[in-house]
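**Student:** only geometry, no sequence info:
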């Protein structure tokens with residue numbers, strides 16, 4: 001018997017006879033002998049299920065989750081409260097076994113749940129249309145940029161330097177493969193996108209301008225001097241947003257955005273070691289037919305009963321290949337349903353409360369850290385739930401010491417070319433006692 005495959009010698013004999021060969025080696029006659037592995041694979045002997053469980057359990061126990069740690073790490077993925085309703089509802093087999101509705105007439109439950117998600121995302125962002133979802137926040141931003149270049153028939157996108165570095169990398173990968181250009185807009189001393197610099201960079205080749213709000217440093221952007229010049233240049237405004245912030249800040253629709261994208265992990269998604277999550281993408285009615293992915297609508301059947309339909313899906317990728325506006329062929333439906341359950345559970349007041357608490361607690365911790373004399377806010381602009389601190393401490397060493405106290409410390413920004421700076425994240429999950437314990441630990445490091 002093979003050490004890891006369950007088939008017996010008798011099973012193997014039957015299969016070989018059925019396909020008309022005498023041995024497994026006969027299946028590889030076309031492979032030259034000098035490239036074949038001559039020895040057996042150096043694998044351990046087969047183990048029982050009990051042994052395997054014990055080994056994997058020991059490996060898993062080396063990990064520490066946010067159930068055990070007090071988390072002050074963000075940078076794109078956050079420890080927000082997840083109502084128990086989310087797990088119970090998306091755990092139902094009707095949802096977690098559902099697949100992309102290629103036969104929508106028999107997938108009414110899936111279609112309705114997605115329609116509810118889209119409707120709530122439009123309410124949250126103030127936009128006209130939402131698709132089902134994208135893979136994640138960075139790919140949603142890339143799809144938004146490509147959509148803009150296609151709609152405007154221009155080759156260049158201006159991107160704020162204050163956008164998440166991971167988003168920038170994904171954007172560069174997507175744009176380079178399509179021979180499209182990216183130029184980066186500098187950041188002011190406030191930590192905001194330089195509106196004057198942006199105005200000077202606008203030209204007839206700029207299809208869109210992408211600005212994050214709040215940006216990667218947690219700073220809330222000022223769009224009063226951005227929206228008008230962008231539209232005057234006949235360019236599109238793309239806003240990458242934290243959906244939780246929209247419980248407190250102006251919606252992109254109110255600001256005048258043409259495309260809204262972002263990471264939906266904050267909407268009832270577990271951290272999941274970085275995935276799976278969902279990206280969201282919302283557009284104005286004018287861009288409806290350029291939107292990637294799937295869009296669900298509500299209609300009525302022949303008896304006048306509400307019915308849900310696959311109103312639009314970007315099928316052109318199947319026939320136009322690299323010339324298509326989008327090559328997204330799937331979505332994160334289950335994660336979209338989780339986001340819908342989260343938003344329905346929280347409601348407008350709950351969403352506002354999460355945003356307010358995250359903001360107030362972030363400002364409380366920032367003041368406490370500055371009072372230690374070891375930290376200083378890098379930027380003076382107003383911030384949401386994250387803030388960038390400068391320090392003379394060895395940040396990696398500091399985080400190792402914090403980890404000994406079961407505290408997951410801030411992001412060391414040295415990996416993003418900002419030595420001596422660290423990014424703290426504070427959500428509604430953090431208590432005053434936890435923040436005070438962090439400050440006390442840092443005072444003795």
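**Tutor:** Sure thing, it's come through. All of these numbers come straight from a predicted model, not from anything done at the bench.
**Student:** Would you check how far apart residue 296 and residue 259 are?
**Tutor:** 19 Å (CB to CB, to the nearest Å). Every residue, glycine included, has its C-beta placed from N, CA and C.
**Student:** wait, I meant residue 177
**Tutor:** Taken as CB to CB, the span from residue 177 to residue 259 is 20 Å.
**Student:** So which of those two has more stuff around it?
**Tutor:** Higher neighbour count among residue 177 and residue 259: residue 259, with 28 against 9, using other CB atoms under 10 Å.
**Student:** wait, doesn't the more buried one sit right on residue 238?
**Tutor:** Yes - counting by CB atoms under 8 Å, residue 238 is a contact partner of residue 259 at 4.5 Å.
**Student:** who touches both of these two?
**Tutor:** Counting by CB atoms under 8 Å, 6 or more residues apart in numbering, the residues touching both residue 259 and residue 238 are 144, 148, 208.
**Student:** Those in strands, which ones?
**Tutor:** residue 208 (DSSP state E).
**Student:** lowest confidence element among the helices and strands of the protein?
**Tutor:** Least confident helix or strand of the chain, by mean pLDDT, DSSP states H and E, is helix 317-320 with a mean of 58.
**Student:** Give the rounded mean pLDDT of the following helix or strand past it.
**Tutor:** For helix 317-320, the following helix or strand on the C-terminal side (DSSP states H and E) is helix 333-371. Summarised as a single mean, pLDDT over helix 333-371 is 97.
**Student:** Return the set of buried residues in helix 333-371.
**Tutor:** Neighbour counts over helix 333-371 (16 or more other CB atoms under 10 Å) mark 333-344, 346, 350-351, 354-355, 357-359, 361-363, 365-366, 368-369 as buried.
**Student:** ditto for stretch 133-142
**Tutor:** For stretch 133-142, using 16+ other CB under 10 Å, the buried residues are 133-142.
**Student:** Closest to residue 41 out of those residues?
**Tutor:** residue 135 (34.2 Å; CB to CB).
**Student:** any idea of the pLDDT on the closest one?
**Tutor:** 89.
**Student:** next one: residue 292
**Tutor:** Reading off the model, residue 292 has pLDDT 86.
**Student:** can you confirm it is in a helix?
**Tutor:** No - applying DSSP: H, G, I helix; E, B strand; the rest coil, one finds residue 292 to be coil, outside a helix.
**Student:** separation between it and residue 259?
**Tutor:** For residue 292 relative to residue 259 (CB to CB), the value is 11 Å.
**Student:** so who does the nearest residue to residue 425 once chain neighbours are set aside touch?
**Tutor:** Excluding its sequence neighbours, the residue lying closest to residue 425 (CB to CB, 6 or more residues apart in numbering) is residue 74, at 2.5 Å. Under the criterion of CB under 8 Å, 6+ apart, the contact list for residue 74 reads 385-386, 411, 423-425, 427.
**Student:** which residues are contacting whichever strand or helix holds residue 16?
**Tutor:** Element membership of residue 16, judged by DSSP H and E, is helix 9-19. Helix 9-19 is contacted from outside by 1, 7, 22-24, 26, using CB under 8 Å, 6+ apart.
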